[in-house]
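**Student:** Sequence first, then the predicted structure, then my questions.
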Amino acid sequence: MKMTSKLKLFLACTAAMTALPAQAQTAADVGLAIAKKMIAFRSVRGPGNQTPQLAAYLKSVLVGGGFAASDVTVTPVDDTAYLIATWRGSDPALKPIVFSGHIDVVEAKPADWQRDPFTPVVENGYLYGRGATDMKLDAALAIATLLDMKKAGYTPKRGIVLALSGDEETVMKTSSLIAETLKNAEMALNIDGGGGLYAEDGKAEYFTIGAAEKTYADFQMAVTNPGGHSSAPRKVNAINELSAALVRIGNYRFTPQLSPITKGYFEGVAPRQTPAIGAAMRAFAANPKDQAAIETLAANPGYVGQIGTTCVTTMISGGHALNALPQRATANINCRIFPGVKPATVMAELAKVAADPGVTFSDVTEGSNPTDASPLRADLTGAVKTAMGAIRPGVPVFPSMSAGASDSMWYRSVGVPSYGVSPTFIKQSDDFSHGLNERTPIDNIPLAITYYRSLMTSLTK
């Protein structure tokens, strides 16, 4: 009898729901086994999205490891799903700690990869597959740590909640729903943020706690005109008018800004940079008006986003016929806004820079939520430093601000401070998140288990 595609999918999902391999004895072994099974699910938005099946598999692992079935919920949302697992604390008066992550991934086309992106492979010291870095391995290791702590008989005084969203890489609908559900939490520890840097020789350089994210915003600029025949050009041309405004915006620099988070970041990173960059970082941390430091950092793509709001033209469109004067021209301005600055303020500043009443601006942002930075709490930073010191003694730890968005912004929007605390270290040359041939060094695995156990214990005992 010929096997149908639906039957094949059913059998594949049933196989994935089976127990972990018998040889998986240590928490590190369990974590790697879970990660490999997670990568095998094509948890990508759209037709064939297997995120709900992945969430169901993880529920089976958690329940099999000691969680009550009623304490692990999988909630379907559109074509995806999210998971919340609750380990109740002995003191119900204490607010729980949330460990946050996501189980969906960015699309990956097998024809473009050296290996199939949804077939996990361990080779040459790396775990390969879509999600190996962002962020199925981290989620698997957090789960393995929770199971190991339950097995050891640990009883948290403060509750622990594992929350895994199902569309963080796209519309973040589940991210928003989770944050609203957990808005009474003490804090959220985002294992999809922060992290460590390996030097190219494999030496651990430093570790950062993600305490802030820039706000994503898209603004549309538009110029309209009656148009006309191209044989009778007019002085006012919609494309020319828009282009002139774009040049003014392209030459503009928003006033540089410094926060306690970026100050700590620059001071921590400076000793590990070239003399010129390091000196600029120290100078900017001491005085954010230092023009020489600003020019040096602004010229570096890796650091220009750390010194304030940035806006750049990303798309343009104009005209309607080859032989007609344009009746409309538009452009998209993409901004990454410094925490604490409102998008409306940035749009107003852009309009002022454009200096043309004929250019209209509108906010066309989707899926973003402006939030302030999280406070650098001593209990959190102390726990992270203790955990990191247990696995990588002497590695400096300091705060950082992300230029990208994560689930943290949804927690912050409901008043829950959120921090990126992933223990994964990776070289810059090995970071293929969202790209081809994604991979992560497996030497992180046993160290991450120790780190997570220390962090969870410190904050819940």
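**Tutor:** Good, I have the coordinates.
**Student:** Tell me which residue is most central in this protein.
**Tutor:** By Cα atoms, centre = their mean, the chain has its centre lying nearest to Ser406, at 3.8 Å.
**Student:** Hmm, that residue is touching Gly194, no?
**Tutor:** No: between Ser406 and Gly194 there is no contact under Cβ atoms under 8 Å: 10.1 Å. For every residue, glycine as well, the C-beta is placed using N, CA and C.
**Student:** which residues do the two both contact?
**Tutor:** By Cβ atoms under 8 Å, 6 or more residues apart in numbering, Ser406 and Gly194 have these common neighbours: Gly210, Gly420.
**Student:** List the buried residues in stretch 108-128.
**Tutor:** For stretch 108-128, the neighbour count (16 or more other Cβ atoms under 10 Å) marks Ala108, Trp113, Pro117, Phe118, Pro120, Val121, Tyr126, Leu127, Tyr128 as buried.
**Student:** From those, pick the one nearest Asp91.
**Tutor:** Among the buried residues of stretch 108-128, Leu127 lies closest to Asp91 (Cβ to Cβ), at 37.7 Å.
**Student:** so how far is Gly415 from the closest one?
**Tutor:** 36 Å (Cβ to Cβ, to the nearest Å).
**Student:** try Thr133
**Tutor:** Distance from Thr133 to Gly415, by Cβ to Cβ: 30 Å.
**Student:** So for these two, which residue has more residues nearby?
**Tutor:** Higher neighbour count among Thr133 and Gly415: Thr133, with 25 against 11, using other Cβ atoms under 10 Å.
**Student:** and that one, what pLDDT?
**Tutor:** Confidence at Thr133, expressed as pLDDT, is 95.
**Student:** So it sits against Asn437, correct?
**Tutor:** No: with contacts counted by Cβ under 8 Å, Thr133 stays clear of Asn437, the gap being 10.7 Å.
**Student:** Now for Lys427, how many residues are close by?
**Tutor:** Residues within reach of Lys427, counting by other Cβ under 10 Å, total 14.
**Student:** what about Val312, is that helix, strand or coil?
**Tutor:** Look at Val312: counting by DSSP: H, G, I helix; E, B strand; the rest coil, its state is strand.
**Student:** show me the contacts for it.
**Tutor:** Gly250, Ile333, Asn334, Cys335.
**Student:** and Ala348, how far is that from Thr80?
**Tutor:** 36 Å.
**Student:** Could you do Val384 as well?
**Tutor:** Taking Cβ to Cβ, one finds Val384 at 30 Å from Thr80.
**Student:** circling back to that earlier point, out of Ala348 and Thr80, which sits in the busier spot?
**Tutor:** Legend: neighbour count by other Cβ under 10 Å for Ala348 and Thr80, higher for Thr80 (26 against 12).
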